[in-house]
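A.B. asks: here you go, sequence then predicted model.
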Amino acid sequence: MTPVASGAAPDAGIDGSGTPRARCVLAPNPSPMTLDGTNTWLIAEPGSAAAIVVDPGPEDEGHLRRVRSIASDAGQRVSRILLTHGHRDHSAGARRLAELTGAPVLALDPAQRLGTEGLGPGDVVSAAGCEVRVIATPGHTADSVSLLLAADGAVLTGDTVLGRGTTVIARDGSLGDYLGSLDRLRSLADSAALSVLLPGHGPLLRQPAATLDYYIAHRAARLAEVQDALAAGCTSPADIVARVYSAVDRGLWPYAQWSVRAQLAYLAERGLLPEPDGQAL
């Protein structure tokens, strides 16, 4: 991710913020890559005896017990644990939370599951009085999904869209897939009349369409900058990062190289990489 403004005004709060059916429980793992920490989401219809946990976060005993306690204090037992993707800042606590609650873990990647249930594009998880629809949003990682909570006009985006800045394309991600996912979410913003995005890091976003328009424009601008860097003679991801991401904290440059490699792969797939003499391949 890079610390750039999205153009959409975020809520001031993070921990405890949310919607009528989704509440954020902030994990204590802040860093340049996780912003304020991982947003664990508790989802339940008001008055329900059960709750869904989305992205339990790191394997932090205090955080996981707090998640369980918040549900218990509301008269709810955790009946499902869902993962937006397998990165450890979202998933490492899943097994321990399952031990604490007896709930299965559902994920797109079978390696991340505990129990017989998975998550597939278009699946609907009916639990805690809610319906949560699985939206395929690969790109940040190959196994990334977003979760539509239509009753609140909300989408839980994991790392596909962040509350601040933009996300990286991880080693197993794909820029082509990511651009398709952004387009899919942008269409959903209109068709489902979305009112809020609930990200995996950072504050929630009350202008889904504007945020997604920014993300799409940002990716196009970055691609153009990478092409300009190639035309200027940059030959390695490190050289391109130094030119294109010069305003970004140098501590994030190794992660920016992930995105640059994904951008180069995207251009190569479309025959848009220059040959040494400047001619397109």
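C.D. replies: Arrived safely.
A.B. asks: contact partners for the most centrally placed residue in the chain?
C.D. replies: Closest to where the C-alpha atoms of the chain average out (C-alpha atoms, centre = their mean) is residue 159, at 1.5 Å. Applying C-beta atoms under 8 Å, 6 or more residues apart in numbering, we find residue 159 in contact with 1, 84-85, 87, 90, 140-141, 144, 167, 199-201. Every C-beta, even on glycine, is put in place using the N, C-alpha and C of the backbone.
A.B. asks: contacts for stretch 172-188, please.
C.D. replies: Defining contact as C-beta under 8 Å, 6+ apart, one finds that stretch 172-188 is touched by 135-144, 146, 148, 155, 157, 160-161, 169, 194, 208-209, 212-213, 215-216, 219, 258-259, 262-263, 265-266, 269.
A.B. asks: weed out the non-buried ones from those.
C.D. replies: Neighbour counting by 16 or more other C-beta atoms under 10 Å classes 135-144, 146, 148, 155, 157, 160-161, 169, 194, 208-209, 212-213, 215, 219, 258-259, 262-263, 265-266 among the contacts of stretch 172-188 as buried.
A.B. asks: what about these, which are in helices?
C.D. replies: 208-209, 212-213, 215, 219, 258-259, 262-263, 265-266 (DSSP state H).
A.B. asks: could I get these as TSV with distance to residue 112 and pLDDT?
C.D. replies: Shown next, in TSV, are these (distance: C-beta to C-beta, whole Å; pLDDT from 0 to 100):
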residue	distance to residue 112	pLDDT
208	27	98
209	31	98
212	26	98
213	31	98
215	25	98
219	27	96
258	20	92
259	23	93
262	22	95
263	27	96
265	25	95
266	26	96
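A.B. asks: break down the protein into its strands, ranges please.
C.D. replies: For the chain, the strands defined by DSSP state E cover 22-26, 39-43, 50-54, 77-82, 105-106, 124-127, 130-136, 145-149, 154-158, 196-199.
A.B. asks: any chance of the ones you listed in CSV, with mean pLDDT too?
C.D. replies: Shown next, in CSV, are the strands of the chain (pLDDT from 0 to 100):
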stretch, mean pLDDT
strand 22-26, 98
strand 39-43, 98
strand 50-54, 98
strand 77-82, 98
strand 105-106, 98
strand 124-127, 98
strand 130-136, 98
strand 145-149, 98
strand 154-158, 98
strand 196-199, 98
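A.B. asks: follow-up on the earlier one: okay, the residue nearest to the centre of the chain and residue 219: tell me how far apart.
C.D. replies: Distance, residue 159 to residue 219, by C-beta to C-beta, to the nearest Å: 15 Å.
A.B. asks: next one: residue 258
C.D. replies: Distance from residue 258 to residue 219, by C-beta to C-beta: 14 Å.
A.B. asks: tell me who's in contact with residue 26.
C.D. replies: 14-15, 36-40.
A.B. asks: apply 6 Å and report the result again.
C.D. replies: Contact analysis of residue 26 by C-beta atoms under 6 Å, 6 or more residues apart in numbering lists 14-15, 37.
A.B. asks: for those residues, which one is nearest residue 79?
C.D. replies: Residue 79 has its nearest neighbour among these in residue 15, at 22.8 Å by C-beta to C-beta.
A.B. asks: the closest one: neighbour count?
C.D. replies: Neighbours of residue 15 under the rule other C-beta atoms under 10 Å: 15.
A.B. asks: and what of residue 50?
C.D. replies: Residues near residue 50, counting by other C-beta under 10 Å: 19.
A.B. asks: then residue 251?
C.D. replies: 10.
A.B. asks: repeat for residue 275
C.D. replies: 8.
A.B. asks: now it: how far from residue 255?
C.D. replies: 29 Å.
A.B. asks: residue 152 now?
C.D. replies: Residue 152 is 32 Å from residue 255, where distance means C-beta to C-beta.
A.B. asks: same check on residue 188?
C.D. replies: On the measure of C-beta to C-beta, residue 188 and residue 255 end up 27 Å apart.
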